[in-house]
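**Q** The following comprises the amino acid sequence and a computationally predicted model.
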Amino acid sequence: MHFDEDSLRASALSFKLIYRTRGMYQTYACLRDFLAETMAVTRINALYIPSDWSNVITMVDTQENRPVTMKREGRQLPLLLWERLAEPLIVGNLDPYKEKHLESDPAAEKLPFLHHRSLARLPLCRTEAYIFVVNFWSDTYNAFTEDDLPELQKVTSGFAEELAQDLESPAAPSSRSLTSGSDKLFECSGLNHVRNMVEQVAPCSSTVLIMGETGVGKESVADAIHELSPRRNGPFIKVNCGAIPDTLLESELFGYEKGAFTGAVNTRRGYFEAAQGGTILLDEIGEMPLSAQVRLLRVLENRTITRVGSPNAVQLDVRIIASTHADLHRKVKEGTFRRDLWYRLSVFPIHVPPLRERKEDIPTLLRHFLHTKAKQFDLPETIRIPKEELARLYAYNWPGNVRELDHVVERAMILARGKSGTLHFDIERDEFEESVWSAPEENASDWPTLAEMENLYIRAVLAKCGGKLTGENSVTQVLGIHYTTLRARMKQLGLSMPREK
């Protein structure tokens, strides 16, 4: 590749602007396409490696788009020539390394250098806490020369500066808060695939099923679909199907007529009618009882609802979005979720990846949380995050996803009040499995029984939620069970039911 200085400066500026406006993944995808003709580059991946060499985090991969964290075994990292990570590197023929590496680590068969023929590697950023490298892969032997390295460095220099600032100073004041679902999608480069799917489906009226772990931001995706749709000026009704008692779910969703049952002193519209002309989000659809699933299936088929106690159908003009953290395929096999409803809901499925697979979004999310919480806790926005603390955030697997990161930042800012503008993150104790299930030092005979553990846990959640049993931030929501199930468990454990506030 040979460009004049003006072309190099223009290219560097271009990729800097792409990084600012479209994020990390899109920057590397555009860079790959830019280099495909001149260097036959077929793949680019970028790696974040903490200074303790404990693991390797794939921040972005233009071929897989599925970032992973690779742990080291002993002193050997699962990387090609790992001891030369800090220097620019060219390998014109990868063949001699493939057989040798597979012999020492058969599990590494998916590593990029085993599938391509030549490599150019550049260290983009380096501090005492980490090193960030970018790999350019080609399916052509000797695709890169030593003369290419200076020009590659110049092309990447613009966004490398932006990247270094993001990785080292996420506490810099944010130009705006991520107040809407579309903001969060467009600012988070790790959600590039999700954003593209949202842009495709938003103008339509098709039913959408959003899937993903708890805390990944499924509601933000639903917000973005509504905001970008022709229904944006209509109502957006959000219903947590797991927070409504089974006996009330149908009347809440579909409404009821006066006198339909004891206590129905007036006719009441349900959530579906309230969403007329707009969108309804059925959150945690996997918790819906089978009786309500039958009614919902008819709604999806006929676009009509019938209030409880009424023979008359009401025509609907509502866009339906459903979301779940549950494995609906497993629920279908178990018979707790209707197969025909699954087919009706999954017209356009969207999977939201967990935070551990899109760690390039951590700086963006950090800026957002720091910006909003600095006002909440009356702290200066010039908050400092030590580099070693930031490295811990990247190395952590985030089982609670974005919601957990939010809580970790909030806890750090509470502890920083009145002390200093430096944040320290307490993340080890957020590993729920480790804190609850780590073996005690006593003998196994001293371990608590399952009933005792359940008793303690339900009591802790009751205290945390202030005795609130249903609705947002309630016991049923935290436990992920229905109200009737909670009542039965508490009765079995001898716990008295608190009065609803």
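**A** Alright, I've got the coordinates. Numbering: from 1, shown residues only.
**Q** May I ask which helix or strand encompasses Asn473?
**A** Per DSSP states H and E, Asn473 falls between elements, in no helix or strand.
**Q** What's the separation between it and Thr127?
**A** Distance of Asn473 to Thr127, computed by C-beta to C-beta, to the nearest Å: 39 Å. Quick note: C-beta positions are derived from backbone N, CA and C, even for glycine.
**Q** quick check: longest helix of this structure.
**A** If you go by DSSP state H, the chain has its longest helix at helix 5-39.
**Q** Most distant residue from the centre of this protein?
**A** Gly259 (45.3 Å; C-alpha atoms, centre = their mean).
**Q** Report the contact partners of that one.
**A** Counting by C-beta atoms under 8 Å, 6 or more residues apart in numbering, Gly259 touches Gly309.
**Q** Confirm that it sits in a helix.
**A** No. Looking at Gly259 with DSSP: H, G, I helix; E, B strand; the rest coil, it is coil, so not inside a helix.
**Q** which one is Ala129 nearest to, not counting chain neighbours?
**A** Lys387 (3.7 Å; C-beta to C-beta, 6 or more residues apart in numbering).
**Q** Phe337: what's it in contact with?
**A** Gly286, Gln293, Leu328, Lys331.
**Q** for Glu454, same thing?
**A** Glu454 makes contacts with Arg489, Leu493, as judged by C-beta under 8 Å, 6+ apart.
**Q** just Phe144 next, same as before
**A** Phe144 neighbours (C-beta under 8 Å, 6+ apart): Met39, Ile90, Gly92, Ser118, Leu119, Ala120, Phe136, Ser138.
**Q** before we move on, what SS does it have?
**A** Going by three-state DSSP: Phe144 is coil.
**Q** quick one: it from Val91, how far?
**A** On the measure of C-beta to C-beta, Phe144 and Val91 end up 8 Å apart.
**Q** any shared contact partners between these two?
**A** In contact with both Phe144 and Val91: Ser118, Leu119, using C-beta under 8 Å, 6+ apart.
**Q** shaky segments in the stretch 1-150 of the chain?
**A** For the stretch 1-150 of the chain, the stretches with pLDDT under 70 are 1-3, 52, 54, 65-78, 99-110, 128.
**Q** How are the helices of it distributed by residue range?
**A** Secondary structure of the stretch 1-150 of the chain (DSSP state H, counting those that start in this stretch): helices at 5-39, 95-104, 148-168.
**Q** what angle sits between the last one and helix 5-39?
**A** Which is helix 148-168. 100 degrees (axes from the mean of the first three to the mean of the last three C-alpha atoms, to 10 degrees).
**Q** ranges for the helices of the stretch 351-500 of the chain?
**A** With DSSP H, counting those that start in this stretch as the criterion, the stretch 351-500 of the chain has helices spanning 362-376, 387-395, 401-416, 432-437, 450-464, 475-479, 483-492.
**Q** Which positions within the fifth one qualify as buried?
**A** Judged by neighbour count (16 or more other C-beta atoms under 10 Å), helix 450-464 contains these buried residues: Asn455, Ile458, Val461, Leu462.
**Q** So Ala164 sits against Cys125, correct?
**A** Yes. With contact defined as C-beta atoms under 8 Å, Ala164 reaches Cys125; the gap is 4.2 Å.
**Q** Now the common contact residues for the two.
**A** Phe132.
**Q** out of these two, which sits in the busier spot?
**A** Cys125 (18 against 15; other C-beta atoms under 10 Å).
**Q** Ser262: neighbouring residues, count only.
**A** No, residue 262 isn't Ser; it's Thr. As a burial measure, Thr262 scores 6 neighbours (other C-beta under 10 Å).
**Q** which of the contacts of Phe144 tops the neighbour count?
**A** Ranking the contacts of Phe144 using other C-beta under 10 Å puts Phe136 first, with 27 neighbours.
**Q** what are the bridge partners for that one, then?
**A** Note on Phe136: beta-bridge partners Ile44, Ala120, judged by DSSP bridges.
**Q** What separation do you get for Met59 and Met24?
**A** From Met59 to Met24 the distance is 7 Å (C-beta to C-beta).
**Q** what touches both of those two?
**A** Common neighbours of Met59 and Met24 (C-beta under 8 Å, 6+ apart) are Ala46, Glu360.
**Q** Stretch 487-501: which residues count as buried?
**A** For stretch 487-501, by 16+ other C-beta under 10 Å, it's Arg487, Arg489, Met490.
**Q** Could you tell me how far the closest residue to the second one other than its chain neighbours is located from Arg403?
**A** Just to be clear, that refers to Arg489. Nearest non-adjacent residue to Arg489, counting by C-beta to C-beta, 6+ apart: Ile458, 6.7 Å away. As judged by C-beta to C-beta, Ile458 and Arg403 stand 21 Å apart.
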